[in-house]
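**Student:** Quick one, structure for this:
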Amino acid sequence: MSSSEIYTTSSSTARRYFHTLPWKNRPDIQFSELDSLFRTEWERALRKDVFLHGVESEPRRMPGRRGFVAVLCRSRASHKRKPQSFTNILQKSEPKTFNFTKVGLDEILFYIEDDAHEKSVRTSVIINNSPYEYAHCLLVPNAAECHIQSINIDGIRMGIRVLLGSRHPGFRLMYNSLCAGASVNHLHLHCYYTEYWLPSEAFRMHQIPLKVHEKEFSDMFELEFEDSCVRGFGFVITEVNFDCSLPCIIHTIVQYFNDNNIAHNIVMIRGLPPSPEYIASVDASPDENARSGGASNVDGNPNIPTMKDTGVSPYSGLEAYIPTNLWNCPLVGRIYVFPRVPLYGEKSYTKFHVNVTELFGHLYFGDVSVYESMNENDVVDALNGVSFSEQHFTKVKNDIVKLLSQL
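**Tutor:** Residues are numbered from 1 along each chain as shown. As a prediction, this is how the structure comes out:
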């Protein structure tokens, strides 16, 4: 496939995987068509030498009970394009600054098209030319429109559909608002793969009673602060809510943030169901494996970062971290939405900052001395430092529930 071709998420042949096999079954998991496309086209671009550097990340499991993964990426700190500086989450873009219409054709891998709604959305899948992880890409909806970095309902729906197109438990999709880690003021989401689990997959969540369109909506939660270290909202993606009610709810929350100049991050990942009763079975059978994008063996691929700790498997520690009654459960799609203390000014790639990846336990370091010196308590303090206070978050939560009940 070339950059002129299209993957359509709304076609009758596009598979959606609402559940994936858990990490303990990782060797048995087949790639979906979309997984294979991401990986094949990204590897092709890597061979063309269009990146600023290769994937040189060094991940290690940080000592402690939380299971954080620290990732050292020296080249990203020294080679990455100079980030833009922001002081408002709805800041206007400057025509002379960089945007994604200025990337070379070799940097565009393919397009994802969704024409299931009134407005057709064509998303450009572009390499992140300073990759942080394997197959690190940017998803830019309707790139030619140069929409500022404020996610709209089309971007939210596209992100959900892309997550559901993957069968890999380590596929991560994320969004930074301005003043929350974004470095380019042009609407985009990030995505990449990891071959190891992250603690956010098992965040405990407490249901928020809610009625939307006069119907009970049981898939919205408040994250357990003891687990997440930053107060936020959680959602579970289901066959009922993925295309209409869930994008609408998240977009309403984002609009509230915009109206109140609240910086925010959004995370879309695979994770545990809130309870064993939440799902009954995996939507994978031998015949579906045969129709997938192919085998998923990654052993020996030099472009996939592996744990720095010698002899530690990607799945080590899972038994201690996941409740016994959920150990065999397939994974669901989870979405986290975090209001947070803003990051103003120019972003540094050598200092430790809480951007979106840190919120789900994937910690970026550009400086080896910081990478080696920070411990789990330091990370928790940094996460707590960007969290809203309990009182402030409760007000935000109550305002949002009120807004949603009026939909």
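**Student:** need the contact list for S228.
**Tutor:** Counting by C-beta atoms under 8 Å, 6 or more residues apart in numbering, S228 makes contact with 200, 203, 336, 359, 383. (Each C-beta comes from the backbone N, C-alpha and C, glycine too.)
**Student:** with the residues you listed in mind, which one is nearest to L343?
**Tutor:** L359 (12.5 Å; C-beta to C-beta).
**Student:** Count the residues that sit near the closest one.
**Tutor:** 27 (other C-beta atoms under 10 Å).
**Student:** Hmm, S200 and it touching each other?
**Tutor:** Yes: L359 is within contact range of S200, at 7.5 Å (criterion: C-beta atoms under 8 Å).
**Student:** Surely D106 is in contact with D49?
**Tutor:** No: using C-beta under 8 Å, D106 is not in contact with D49, being 9.2 Å away.
**Student:** And the helices in this structure?
**Tutor:** 33-47, 74-79, 153-164, 225-228, 245-259, 286-290, 318-321, 356-359, 368-373, 376-386, 390-405 (DSSP state H).
**Student:** The residue lying closest to V50 once chain neighbours are set aside and C146, how far apart?
**Tutor:** Of all residues not flanking V50 in the chain, D106 sits nearest, at 4.5 Å (C-beta to C-beta, 6 or more residues apart in numbering). Distance of D106 to C146, computed by C-beta to C-beta, to the nearest Å: 21 Å.
**Student:** And for S245?
**Tutor:** Relative to C146, S245 is positioned 29 Å away (C-beta to C-beta).
**Student:** Look at these two and report which has more neighbours.
**Tutor:** S245 (18 against 15).
**Student:** count of residues packed around the nearest residue to that one once chain neighbours are set aside?
**Tutor:** Counting by C-beta to C-beta, 6+ apart, S245 lies nearest to V212, which is 5.9 Å off, once chain neighbours are set aside. Using other C-beta under 10 Å, V212 has 18 neighbouring residues.
**Student:** what about the residue nearest to L343 when sequence neighbours are not counted, neighbour count?
**Tutor:** In space, and not counting its chain neighbours, L343 is closest to C179: 5.8 Å by C-beta to C-beta, 6+ apart. For C179, the count of nearby residues is 24 (other C-beta under 10 Å).
**Student:** got a list of what C179 touches?
**Tutor:** Going by C-beta under 8 Å, 6+ apart, the list of residues near C179 reads 86-89, 263, 342-344.
**Student:** Next one, pLDDT for it please.
**Tutor:** pLDDT recorded at C179 is 95.
**Student:** Relative to E145, how far out is it?
**Tutor:** 22 Å.
**Student:** How about V125?
**Tutor:** Counting by C-beta to C-beta, the separation of V125 from E145 is 17 Å.
**Student:** cool, and R74?
**Tutor:** 36 Å.
**Student:** From the neighbour counts alone, determine which of the two ranks first.
**Tutor:** Taking neighbours as other C-beta under 10 Å, R74 and E145 compare with R74 leading, 18 against 10.
**Student:** for this structure, what helix or strand is lowest in average pLDDT?
**Tutor:** Ranked by mean pLDDT, DSSP states H and E, the weakest helix or strand in the chain is helix 286-290, scoring a mean of 39.
**Student:** Need the overlap of contacts for L359 and S200.
**Tutor:** Joint contacts of L359 and S200 (C-beta under 8 Å, 6+ apart) are 228, 267, 336.
**Student:** pLDDT below threshold where in the stretch 301-407 of the chain?
**Tutor:** Scanning the stretch 301-407 of the chain for pLDDT under 70 picks out the ranges 308-319, 321, 324-325, 345-350.
**Student:** rewinding a little: and the contacts of C179, which of them are buried?
**Tutor:** The neighbour count (16 or more other C-beta atoms under 10 Å) marks 86, 89, 263, 342-343 as buried among the contacts of C179.
**Student:** now, which of those sits nearest V121?
**Tutor:** I89 (22.4 Å).
**Student:** measure the residue nearest to that closest one when sequence neighbours are not counted to F233 for me?
**Tutor:** Of all residues beyond its chain neighbours, the one nearest I89 is L178 (4.7 Å), with distances taken as C-beta to C-beta, 6+ apart. To F233, L178 is 20 Å away according to C-beta to C-beta.
**Student:** Quick check on the two: which one has the bigger neighbour count.
**Tutor:** More crowded of L178 and F233, by other C-beta under 10 Å: L178, with 27 against 23.
**Student:** quick one, what contacts N176?
**Tutor:** Residues near N176 by C-beta under 8 Å, 6+ apart: 149, 182, 190, 265, 355-356.
**Student:** hmm, try it at 6 Å
**Tutor:** Shown in contact with N176 (C-beta atoms under 6 Å, 6 or more residues apart in numbering): 182, 265, 355-356.
**Student:** from what I can see R231 touches S387, true?
**Tutor:** Yes: look at R231 against S387 with C-beta atoms under 6 Å: they come within range, at 5.1 Å.
**Student:** about what we covered before: hang on, isn't the residue nearest to I89 packed against F86?
**Tutor:** Yes: contact criterion C-beta under 6 Å: L178 and F86 qualify, at 4.4 Å.
**Student:** hang on, the earlier thing: same list (the buried ones among the contacts of C179) but as CSV, adding distance to A320.
**Tutor:** Formatted as CSV, the buried ones among the contacts of C179 follow (distance: C-beta to C-beta, whole Å):
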residue, distance to A320
F86, 40
I89, 39
A263, 34
P342, 36
L343, 33
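**Student:** On the pLDDT front, check the residue nearest the centre of the chain for me.
**Tutor:** Nearest to the mean C-alpha position of the chain, by C-alpha atoms, centre = their mean, lies L173 at 2.4 Å. The score at L173 is 98. That number is its pLDDT.
**Student:** And it, how far from R157?
**Tutor:** According to C-beta to C-beta, L173 and R157 sit 13 Å apart.
**Student:** Tell me where the protein is predicted with low confidence.
**Tutor:** 1-4, 10-13, 77-82, 116-118, 276-300, 308-319, 321, 324-325, 345-350.
**Student:** before we move on, the earlier item: by neighbour count, which of the contacts of N176 wins?
**Tutor:** Counting neighbours by other C-beta under 10 Å, A182 comes out on top of these with 28 neighbours.
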